[in-house]
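In: Prediction below, plus the sequence it came from.
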Amino acid sequence: MVPIGKQLPHYAWQYGLKPSVIAGIFVLVALLWTFPLQHVIAYPFVFLFFGAIIGSAWFGGLVAGSIATVMSFLVVTFFFIPPLYSMSIAKESRSFVAAFVSCAIVITVVSSVRKRAEVAIRNARDELEDRVQERTAELQRSNLEILERERQLRLLTEAIPQQIWSASTAGCIEYCNRDLTKHIGKGADELQGEAFFRIFHSEDVALFRERWHSARVSGESFEVPARIRGANGTYRWFLVRGIPQRAADGEVMRWYGVHIDIEDQQRAQQRLLLAQEDLSRFTRMTSLAEMAASIAHELNQPLAALVTDASACRRWLSAEPANIAKASAAAERVIHDGTRASAVVSRVRSLFSKADHVREATDLNRLILDLARLLRDDAIRRGVSIELQLGENLPPLKVDPVQIQQVLLNLATNGMDAMAESSGERVLKISSGIEGAGTVKVDVQDRGRGFDENTKARLFEPFFTTKLEGTGMGLAICRSIIEAHDGRIWATQSEGGAVFHFVLRAEQ
Amino acid sequence: VKTTASRSDETVFIVDDDPDIRAGLSDLLDSAGLRTRCFPSAEEFFKSWNAAMPGCLVLDVRLPGMTGMELQSKLAEVGATIPVIIMTAHGDVPMVRKALKAGAVEFLEKPFQDEELLQAVDQAFSVDRARRHEDAILNAIQARIASLSDREREVMKLVTAGLLNKQIAAELNLSEITVKVYRRHVMDGMQAGSVAELVKMCERAGFPSGTDGRARYN
């Protein structure tokens, strides 16, 4: 707030002195010009005073205009209205003076109003201009800020030791950070279209392509481990993570990809996996060997007794004289030993065909679908597409679902193994359907090499294998499971490869 | 078929947890005229065993509780010399090697032929007999040494070292005549026909000879 002491002289100047000075100067100028002009132009010449009034009102406002009007009236009355040099007005001049004054007042008002309007417009324009300038400056500032922030972000993406890219919703690579460019030896412009997929290992590209595509369809972020080829041609394992950037309305605008180096992790994991595999194979083999040893011992005992008893029997018979009673007792023990050996054999058999398994009503198609989901990643990795052809309205089966799942898994894995070296299309087809009344049939068909007649005869024998590292137990176990379920399993050769079939009866 | 000459107290001790095996072995050995005693566990055999029992042991390696190998080492600990025939159910090579190292005379893989067993038993018996014979001789010699007087043992020590009567007399501060008398007593007491025989006996019994062991026999 402006203090009163300062305000007062300001008002005095604004509304007293300044208008008076302006009016005085204008009127004086008009007066000085009128004196010589009155000799040229006839009878009281007052138009210059109108000019003075207009000028005063224009430059000094309403107050200056009013003062100029008053001063003009006085000067004109004194100098130019007869009687001259007196303030009295002759009778015949009164109407003239009245018109003069009226005109002066009108001019003052009009001029000052016009002036004010003009000033108001100018002020408004100035204000507008100021504001525009302000806005422009503000915009420039925020623009600079944005640029700075973007620069910082870019610096950040360049600085962090992680590979980053961004892509349009169509999957077109728009940006690669320095780390990625450095690792793969290519920039964003060299990763357009198919070129982007070529940075992945041929075994991983299918899985990545599938995930990337379905992520773009669903708009969900994704993660997929894949090997990426470096500029030097070697592959490293990365976790490729794709994250969508969404607009306010939730629409995906852009995709960001981050490659996290998991080579060491993956290696450690692989080592662990190998160790685990070794261990499980070892334990399986040792437990198998142990089991075989204990069975052998179990069986060997009565056989040893039998041989001993038979020898004793022969000795009693060949003695002089033959001891028939002793020989007969020994022969009796031979029979006992033989029976005992046979009991061991049937005990071993019953050990492997436990009859009291869980049996529950199971939807075979659900088992097949579960299996397909279970094998999905593995199949993609191995370039195998799984084709399902599931029959409708299958009756529920009373089976041990875990065991039947095991059979399906065994057959499917066998099928995929059989196609491992196939150069043609790798398709594993699993179909189910009703086969006669109350019987369900499943076919697992591969497009591998199939098998010859000799192999076919031995396929389900235990310890028979055509694989380098097979145990030869897979199909034997499949058969024992299916037979324990009163089903049947067999294999045929199709033009494309091998087909394994099994049938199970639906029990009511 | 060769039958082993049976001696009244020689016995085949059978240790096997399987009653059928025990019965079969027992009967087979019986048909060869051999005496048998059966034990279902190593513990039971060890409990009733004593050094005076002549014969041999037919031992299964796989036993509940104390194993055949453990029984073997336990017998060795107490100084038992009974010959052991090891039976294995299947060719467990390291176990067999260990058993043989521990002094088993033979091992048989089940099932085995009667001839193999009888031959092994025959061999084990002769080992046992030889050992017992050896022991008997040794015991006799030691008994004879024990029957000598201290002075006689001193003389014997010097005699077996090859000293002449004169030298012995000088050594022991005795007259040559007295030494001669002692010498006669030693030869009689030890039932030795010659000095050479006496030396052999002393070597067998580990009796020292020479002039430096005097203090020990005082």
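Out: It's in.

In: Which parts of chain B are strands?
Out: Remark: strands assigned in chain B by DSSP state E are B:11-15, B:35-39, B:55-60, B:84-88, B:106-109.

In: Skipping adjacent residues, who's closest to the most far-flung residue of chain B relative to its centre in space?
Out: Farthest-out residue of chain B from its mean C-alpha position, per CA atoms, centre = their mean: B:Ser175, at 42.5 Å. The shortest distance from B:Ser175 to any non-neighbouring residue, by CB to CB, 6 or more residues apart in numbering or on different chains, is to B:Ala169 (6.1 Å). The way it works is simple: take the backbone N, C-alpha and C, and place the C-beta from them, glycine included.

In: before we move on, the earlier item: do you know the pLDDT at the residue farthest from the centre of chain B?
Out: Per-residue pLDDT puts B:Ser175 at 90.

In: Look up phi and psi at it.
Out: Dihedral pair for B:Ser175: phi -80, psi 160, per degrees, to the nearest 10.

In: Chain A versus that one, what's the distance?
Out: Here B:Ser175 is placed at a distance of 71 Å from chain A (CB to the nearest CB, to the nearest Å).

In: any idea of the mean pLDDT in the longest strand that chain A contains?
Out: The longest strand of chain A (DSSP E) is strand A:235-246. Strand A:235-246 carries an average pLDDT of 90.

In: what does stretch A:98-111 give?
Out: Taken as a whole, stretch A:98-111 has a mean pLDDT of 88.

In: Show me what the worst-scoring helix or strand of chain B on mean pLDDT is packed against.
Out: Ranking every helix and strand in chain B by mean pLDDT, DSSP states H and E puts helix B:93-101 at the bottom, with a mean of 78. Judged by 3 or more CB pairs under 8 Å, 6 or more residues apart in numbering or on different chains; DSSP states H and E, helix B:93-101 is in contact with helix B:68-77, strand B:84-88, strand B:106-109.

In: buried sites along that helix?
Out: When neighbours are counted by 16 or more other CB atoms under 10 Å in any protein chain shown, the buried residues of helix B:93-101 are found to be B:Met95, B:Val96, B:Lys98, B:Ala99.

In: cool, and stretch A:479-495?
Out: For stretch A:479-495, by 16+ other CB under 10 Å, it's A:Arg479, A:Ser480, A:Ile481, A:Ile482, A:Ala484, A:His485, A:Gly487, A:Ile489, A:Ala491.

In: surely the first one meets A:Phe460?
Out: This means A:Arg479. Yes - here A:Arg479 lies in contact with A:Phe460, judged by CB atoms under 8 Å, at a distance of 4.4 Å.

In: What are the boundaries of the strands in the stretch 301-450 of chain A?
Out: With DSSP state E, counting those that start in this stretch, the ranges of strands along the stretch 301-450 of chain A come out as A:360-362, A:385-389, A:397-399, A:427-434, A:439-445.

In: Now mean pLDDT and mean neighbour count too, for the ones you listed, in CSV please.
Out: Below are the strands of the stretch 301-450 of chain A laid out as CSV (pLDDT from 0 to 100; neighbours: other CB atoms under 10 Å in any protein chain shown):
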stretch, mean pLDDT, mean neighbour count
strand A:360-362, 85, 13
strand A:385-389, 91, 14
strand A:397-399, 87, 23
strand A:427-434, 93, 19
strand A:439-445, 93, 21
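
In: Turn these into CSV, including distance to chain B.
Out: Converted to CSV, the strands of the stretch 301-450 of chain A look like this (distance: least, CB to the nearest CB, whole Å):
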stretch, distance to chain B
strand A:360-362, 42
strand A:385-389, 47
strand A:397-399, 39
strand A:427-434, 44
strand A:439-445, 40
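
In: Of all those strands, which one is nearest B:Ile86?
Out: strand A:397-399 (50.6 Å; CB to CB).

In: Phi and psi next, for the residue nearest to A:Arg227 when sequence neighbours are not counted.
Out: Closest residue in space to A:Arg227, ignoring its immediate chain neighbours: A:His201 at 3.6 Å, by CB to CB, 6+ apart. A:His201 adopts backbone torsions of phi -60, psi 140, taken as degrees, to the nearest 10.

In: Relative to chain A, how far out is the most centrally placed residue in chain B?
Out: For chain B, the residue sitting closest to the mean C-alpha position, by CA atoms, centre = their mean, is B:Arg131 at 3.3 Å. Here the distance between B:Arg131 and chain A works out to 28 Å (CB to the nearest CB).

In: Look at that residue and report its pLDDT.
Out: Taking B:Arg131 on its own, its pLDDT is 89.

In: so where's the chain shaky on pLDDT?
Out: No chain was given, so I picked chain A. A:1-6, A:42-45, A:276-291, A:350-358, A:463, A:468-471, A:508 (pLDDT under 70).

In: ah, I was thinking of chain B
Out: Those would be B:1-8, B:90-92, B:211-218, if you go by pLDDT under 70 across chain B.

In: What is the neighbour count of residue 190?
Out: By default, I'm working from chain A. 14 (other CB atoms under 10 Å in any protein chain shown).

In: You answered for a different chain; I wanted chain B.
Out: Counted with other CB under 10 Å, B:Met190 comes out at 21.

In: Check A:Cys176 too.
Out: 25.

In: Please tell me how far it sits from chain B.
Out: Following CB to the nearest CB, the distance that separates A:Cys176 from chain B is 64 Å.

In: picking that back up, hmm, who's touching the helix or strand following the longest strand of chain A?
Out: Per DSSP states H and E, strand A:235-246 leads on to strand A:252-261 as the next helix or strand towards the C-terminus. The contact list for strand A:252-261, computed with CB atoms under 8 Å, 6 or more residues apart in numbering or on different chains, reads A:162-169, A:171, A:174, A:180, A:215-216, A:219, A:228, A:236-247.

In: buried residues in the longest helix anywhere in chain B?
Out: Across chain B, the longest stretch assigned as helix under DSSP state H is helix B:114-147. Neighbour counts over helix B:114-147 (16+ other CB under 10 Å) mark B:114, B:117-118, B:120-125, B:127-128, B:141, B:144-145 as buried.

In: Could you save the residues you listed as a markdown table and add columns showing distance to chain A?
Out: What follows is these, written out as a markdown table (distance: CB to the nearest CB, whole Å):
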| residue | distance to chain A |
| --- | --- |
| B:Asp114 | 4 |
| B:Leu117 | 8 |
| B:Leu118 | 9 |
| B:Ala120 | 13 |
| B:Val121 | 13 |
| B:Asp122 | 15 |
| B:Gln123 | 18 |
| B:Ala124 | 17 |
| B:Phe125 | 18 |
| B:Val127 | 23 |
| B:Asp128 | 22 |
| B:Ile141 | 42 |
| B:Arg144 | 46 |
| B:Ile145 | 48 |
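
In: can I get the residues you listed in JSON lines with distance to A:Phe59?
Out: JSON lines is the format used below for the buried residues of helix B:114-147 (distance: CB to CB, whole Å):
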{"residue": "B:Asp114", "distance to A:Phe59": "153"}
{"residue": "B:Leu117", "distance to A:Phe59": "150"}
{"residue": "B:Leu118", "distance to A:Phe59": "155"}
{"residue": "B:Ala120", "distance to A:Phe59": "149"}
{"residue": "B:Val121", "distance to A:Phe59": "153"}
{"residue": "B:Asp122", "distance to A:Phe59": "157"}
{"residue": "B:Gln123", "distance to A:Phe59": "153"}
{"residue": "B:Ala124", "distance to A:Phe59": "151"}
{"residue": "B:Phe125", "distance to A:Phe59": "157"}
{"residue": "B:Val127", "distance to A:Phe59": "153"}
{"residue": "B:Asp128", "distance to A:Phe59": "155"}
{"residue": "B:Ile141", "distance to A:Phe59": "163"}
{"residue": "B:Arg144", "distance to A:Phe59": "168"}
{"residue": "B:Ile145", "distance to A:Phe59": "164"}
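
In: got the end-to-end distance for stretch B:139-159?
Out: End-to-end span of stretch B:139-159 (CA to CA, to the nearest Å): 22 Å.

In: Check the offset of it from the chain's centre.
Out: 23 Å (CA atoms, centre = their mean, to the nearest Å).

In: This completes my enquiry, with thanks.
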